[in-house]
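[1] need the 3D shape of this:
(2 chains)
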Amino acid sequence: MTTLETSTPLTVESSGQPARRAASPGRVAFRQFLRSPSGVCGACLLIVIILGTAIGPVVYPVDPLDLVGGPFTPPSADAWLGTDYLGRDVLAGLIYGGRASLAVGAVAALITIAIGLTVGALAGFFGGAIDAALVKITEFFQILPPLLFAMVLVTLFGQKLTTITLAIGAVSWTSAARLTRAEFMRLRNLDFVKASRAAGAGDAYLMLRVLLPNALPPVIVSATLAIGVAILFEGGLSFLGLGDPNTMSWGLMLGQNRNYVLDAWWAVIFPGTAIFLAVLSISLVGDGVNDAINPRLRRRM
Amino acid sequence: MAFVTHFLRQIVNALALLLAVLVLNFCLIHLAPGDPVQVIAGEMGGASAEVVAALRAKYGLDHSLPEQLATYLGKVATGDFGYSYYFNQPVLELIAQRLPATLYLALCALVLAVLIGTLLGVISARRPNGIVSHAVTLFSLAGYAAPIFWTGLMLLLLFGSIWPVLPVAGMNDVVHPRQGLAHAIDVMRHLVLPSLTLALVFIAQYSRLARVNMIDALSADYVRTARAKGLPEWIVVGKHALRNTLIPIVTVVGHQFGNLFAGAVLVETVFSWPGMGRLVFDSILRRDYPTLMAVLFFSAVMVMVANIITDLVYRLIDPRIRTGQS
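    Purely as a prediction, here's the structure:
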């Protein structure tokens, strides 16, 4: 828990004690991260994927929604990875679809963590009736299978990428909330928090400036993993026919070509591999981040 | 006695949560854009204001929202979950027809996942730095990241065209024995690919969990004591250490039942398994709201039941909780 030890004095600093000058917790964690082989592998893979979707169009300038040839053209010099059931280029789909899939993953994960942090922090900090009510709400969301709940939301409110992203965020925040709540409950009775309170810190200050920074490490790990889960969710929804038909994404490619897997394997294998590699790299990064900021919990997640 | 009150309280809690799911369903339907009466009128090819008003009265849409909610809850209480116009059947009947196949698939996958996952975890925990252990770690990373529907499609591709030794669609052969052993074998052959696909994700998670907990357990004092008093290794590992390895797995199994159920829905649409999956798929395509809402409700019921069973099993295998309660 090296990060906790270095960040603790920083919060007490505000109540008048001189700060101990040490390497910033972020830098320590980053150095630790570089020592984790799985984390570094994952980060490299992820960078390659992101670069591919970013500069792909320069190398391979094809519109993913254009009909470039006949349907089910096998991979060739013209269409490197073949064409799909409508005659759209699969590689172009991977490049542009990656942007959408990664964006959905990142934004949905942000929503997940934002809701989770808010609910968990309020419940863990105040306790009592507020805690009881928020725990009941969390429990309620936990009995609805997230994918099926998201499916109902998208069916009712429209198959648009924004709706899909919001739906994924809205259904998957419960574990982040429970994690944050547990951390806040553990921290709120520690001495440095009592000291801040005695020094006159208000509730908002305590929550945001004293407790939050110390509760973050496990939440950061779960945020990283949430990106991967959200990408899988987007795929699952598209697979059930709930993708956004106007925006190419990896999930949409899979969902639209699934019935033709025996005729055109290339239209299904490549987007699936893309999702697989993206989620794999993200969970490796998650492992690395976990090793870096929770050394004591190493190899446990 | 404490045991009984505990479970009574759990059941009351469960019923309250399920009531909340119904209220949520009701609110969602009313929040969703689009007026059902306009849709019906549109399908009729346009209707006059009187007909629209008559439709509104017929479906009770001219009452206030609380009144409509009360009517809705009253109907659900008598088992009326609405009527599916696409399937031309009451929704409850539809669900009752499809649910058993899904449960069968999900439970088979669950048993496979717990058995194989624990076994892999225990084997790799015996030699945490051995080659088997690394292979299990790699496998569980891959199993976590591979989208379940995609794994299914790949297996479908493999067994559908490259190496056709197993059936890839449905629950029975077209011409199939209807009873007896032959029937059971037929169903089991069809079950292999879907249940394996569904199990893979969970094998990945359980093996990881079992490995960590087994490593912990093997370094605990009670294991050293058991070894010191001369118990054979397989009893030390298979009885003493395994018990503590299983506890966290039981918890996770219980908490993940919703994911298992949702996973089954996805896998079913790949292998045309005649369960809820196809029903979900078709009702999404037809915007068949009553059916979708009922699927959500019954999946919540499933999760509820799974939670209560988990709690029971938990008490059976962990005496600390049992005695702590009473």
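
[2] around chain B, which positions in the stretch 51-200 of chain A sit nearby?
    Residues of the stretch 51-200 of chain A lying close to chain B (CB under 8 Å from any CB of the partner chain) are A:139-140, A:142-149, A:151-153, A:155-158. All C-beta atoms are positioned from the backbone trio N, CA, C, and that covers glycine.

[3] and if we set it to 10 Å?
    A:136-137, A:139-159, A:174-175 (CB under 10 Å from any CB of the partner chain).

[4] among the residues you listed, which are located in helices?
    A:136-137, A:139-142, A:146-157, A:174-175 (DSSP state H).

[5] any idea which helix or strand in chain B has the lowest mean pLDDT?
    Considering only helices and strands, the least confidently modelled element of chain B by mean pLDDT, DSSP states H and E is helix B:319-325, at a mean of 62.

[6] most centrally placed residue in chain B?
    Within chain B, the residue whose C-alpha comes closest to the C-alpha centroid is B:Phe261; the distance, by CA atoms, centre = their mean, is 1.9 Å.

[7] that residue and A:Arg178, how far apart?
    Using CB to CB, to the nearest Å, one gets 21 Å for the distance from B:Phe261 to A:Arg178.

[8] where along the stretch 151-300 of chain B do the helices fall?
    Residue ranges of the helices in the stretch 151-300 of chain B, as given by DSSP state H, counting those that start in this stretch, are B:180-218, B:221-228, B:233-235, B:242-255, B:257-271, B:276-285, B:289-317.

[9] which strands and helices lie in contact with the shortest one?
    With contacts defined as 3 or more CB pairs under 10 Å, 6 or more residues apart in numbering or on different chains; DSSP states H and E, helix B:233-235 has these neighbours: helix B:221-228.

[10] what's the local residue count around B:Pro128?
    15 (other CB atoms under 10 Å in any protein chain shown).

[11] can you check A:Gly69 too?
    Applying other CB under 10 Å, we find 15 other residues in the vicinity of A:Gly69.

[12] does it really touch A:Asp78, like I thought?
    Yes - taking CB atoms under 10 Å as the definition, A:Gly69 is a contact partner of A:Asp78 at 6.7 Å.

[13] what is in contact with the two at once?
    Common neighbours of A:Gly69 and A:Asp78 (criterion: CB atoms under 10 Å, 6 or more residues apart in numbering or on different chains): A:Asp89.

[14] give me the low-pLDDT residue ranges for the chain?
    Going with chain A. Per-residue confidence of chain A (counting by pLDDT under 70) places the weak regions at A:1-22, A:295-301.

[15] could you do chain B instead?
    Those would be B:1, B:174-177, B:321-326, if you go by pLDDT under 70 across chain B.

[16] show the contacting residues for A:Leu232.
    Under the criterion of CB under 10 Å, 6+ apart, the neighbours of A:Leu232 are A:101, A:105, A:147, A:168, A:251, A:275-276, A:278-279, B:144-150, B:201.

[17] can you flag which of those belong to strands?
    With strands taken from DSSP state E, there is no overlap with those.

[18] show me those residues that map onto helices.
    Checked against DSSP H, those include these in helices: A:101, A:105, A:147, A:168, A:251, A:275-276, A:278-279, B:144-145, B:148-150, B:201.

[19] for these, which one is nearest B:Leu115?
    Using CB to CB, the shortest approach to B:Leu115 within the ones in helices among the contacts of A:Leu232 belongs to B:Val201, at 15.1 Å.

[20] so where does the residue most central in space within chain A fall, helix or strand?
    Using CA atoms, centre = their mean, the residue of chain A that lies closest to the mean C-alpha position is A:Ile227, 1.8 Å off. When elements are assigned from DSSP states H and E, A:Ile227 belongs to helix A:212-239.

[21] any idea of the angle that helix forms with helix A:146-157?
    Angle of helix A:212-239 versus helix A:146-157, following axes from the mean of the first three to the mean of the last three CA atoms, to 10 degrees, is 70 degrees.

[22] just how off-centre is helix A:212-239 within its chain?
    Here the centre of mass of C-alpha atoms in helix A:212-239, compared against the chain's by CA atoms, centre = their mean, to the nearest Å, lies 3 Å away.

[23] in it, what counts as buried?
    A:212-239 (16 or more other CB atoms under 10 Å in any protein chain shown).

[24] with stretch A:266-278 instead?
    Applying a neighbour-count criterion of 16+ other CB under 10 Å, one finds A:266-272, A:274-276, A:278 buried in stretch A:266-278.

[25] rebuild the residues you listed as CSV, extending it with distance to A:Ser24.
    Below are the buried residues of stretch A:266-278 laid out as CSV (distance: CB to CB, whole Å):
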residue, distance to A:Ser24
A:Trp266, 48
A:Ala267, 48
A:Val268, 46
A:Ile269, 44
A:Phe270, 42
A:Pro271, 40
A:Gly272, 40
A:Ala274, 36
A:Ile275, 35
A:Phe276, 35
A:Ala278, 30
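
[26] considering only those, which also neighbour chain B?
    Restricting these to those touching chain B (CB under 10 Å from any CB) yields A:268-269, A:271-272, A:275-276, A:278.

[27] and which of those residues is nearest to B:Asn13?
    Proximity of those to B:Asn13 (CB to CB) peaks at A:Ile275, which lies at 37.5 Å.

[28] ok, now which ones touch the closest one?
    With contacts taken as CB under 10 Å, 6+ apart, A:Ile275 has the following neighbours: A:97-98, A:101, A:105, A:228, A:231-232, A:234-235, A:249-251, A:253-254, B:145-147, B:149-150.

[29] repeat for B:Leu120
    Under the criterion of CB under 10 Å, 6+ apart, the contact list for B:Leu120 reads B:132-133, B:135-137, B:139-140, B:203-204, B:206-208, B:210-211.

[30] in PyMOL, select just the buried ones from those.
    Selecting only the buried entries of the contacts of B:Leu120 in PyMOL, with 16+ other CB under 10 Å as the criterion:
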select buried, chain B and resi 133+136+137+139+140+203+204+206+207+208+210+211
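
[31] hang on, the earlier thing: buried ones among the ones in helices among the residues of the stretch 51-200 of chain A next to chain B?
    A:139-142, A:146-157, A:174-175.

[32] how many neighbours does residue 281 have?
    Here I'm looking at chain A. Burial of A:Ser281, expressed as a neighbour count using other CB under 10 Å, amounts to 22.

[33] was after chain B, sorry
    One way to gauge burial is a neighbour count; for B:Phe281, by other CB under 10 Å, it gives 18.
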